[in-house]
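A.B. asks: Starting from these lines, generate the structure:
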Amino acid sequence: MSDERAPAPPLRAERFKAFVDAVVAIAMTLLILPLLESVSEAATEGIGTAQFLGEHAGQLMSFGLSFVLIATFWMEHHRVYSRVEASTSALLWINVLWMVTIVWLPVPTAMLGQMDNDPLQAVVYIGTLTMTQIATLLGKVYLMRHPALHGYPEGMLRDGAIGDVASTILFVIALPIAAWVHPLGYFALLLVALTGPVARILKHLQR
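C.D. replies: Numbers count the residues shown, from 1 in each chain. Here you go, the predicted structure:
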């Protein structure tokens, strides 16, 4: 009798996709907690609404920025994994890496909103976003190499992966600008809006 075992069948994807959705929802909720604490402190001190909004403009900005970024990452994740029908241990670990970066993001968001700006703060914040983008890219590359797990044409995943590379490049460019060019600061993240043009350049170079 042969001792060889048949390879384990792929895991069904529905449970891990539901788990990812729950993790994202919790992370987005955590973003608001520092503001709720600030509201309680303001109420205790008798601070008015206009004064509160002025004093906590940084917190409000960091909350809005991170909320939009997490929502954008989740929408891309949902779009890609909507056609994923099965998973493997490796794909699960790639998604665990992705979720770690999402769950961690409320911490640098709170730093950004409540602490004085310094270069390391920008490295932590934008570095987290870069790791989220890299984890997104890793998932697409893995799916390209395992077509049995999904129903995507290879070209769609390849184009998405190129877009992830473009976004990663732009995050890397934005990081030193946010860290050391203080008049621009985190407005450097607007460079990510150039993902489309940079992706087209990368596609042209690939051809």
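
A.B. asks: Not counting the worst-scoring helix or strand of the chain on mean pLDDT itself, show me its contacts.
C.D. replies: In the chain, the helix or strand scored least confidently by mean pLDDT, DSSP states H and E is strand 11-12, which has a mean of 77. Outside of strand 11-12, the residues within contact range by CB atoms under 8 Å, 6 or more residues apart in numbering are 85, 86, 87, 88, 89, 92. The way it works is simple: take the backbone N, C-alpha and C, and place the C-beta from them, glycine included.

A.B. asks: Quick one: neighbours of the spatially closest residue to residue 62 that is not a sequence neighbour, just the number.
C.D. replies: Once flanking residues are discounted, residue 62 sits nearest to residue 113: 3.7 Å by CB to CB, 6 or more residues apart in numbering. Residue 113 has 21 neighbours, counted by other CB atoms under 10 Å.

A.B. asks: What of residue 78?
C.D. replies: Residues near residue 78, counting by other CB under 10 Å: 13.

A.B. asks: What ranges does the chain have for its helices?
C.D. replies: Assigned by DSSP state H, the helices in the chain fall at 14-30, 33-45, 49-55, 57-81, 89-104, 106-114, 119-145, 154-180, 195-206.

A.B. asks: Now do the contacts for residue 168.
C.D. replies: Neighbour list for residue 168: 130, 133, 134, 137 [criterion: CB under 8 Å, 6+ apart].

A.B. asks: Next, count neighbours for the first one.
C.D. replies: Translated: residue 130. For residue 130, using other CB under 10 Å, the count is 20.

A.B. asks: Please look at it and residue 175 and confirm they touch.
C.D. replies: Yes: between residue 130 and residue 175 a contact is recorded at 7.2 Å, counting by CB atoms under 8 Å.

A.B. asks: contacting residues around stretch 54-62?
C.D. replies: Stretch 54-62 is contacted by residues 34, 35, 38, 42, 47, 53, 109, 110, 112, 113, 114 when judged by CB under 8 Å, 6+ apart.

A.B. asks: OK, contacts around the second one?
C.D. replies: Going by CB under 8 Å, 6+ apart, residue 35 touches 56, 59, 60, 63.

A.B. asks: The fifth one too?
C.D. replies: Listed by CB under 8 Å, 6+ apart, the contact partners of residue 47 are residue 55.

A.B. asks: and it, how far is that from residue 167?
C.D. replies: 39 Å (CB to CB, to the nearest Å).

A.B. asks: That'll do, ta.
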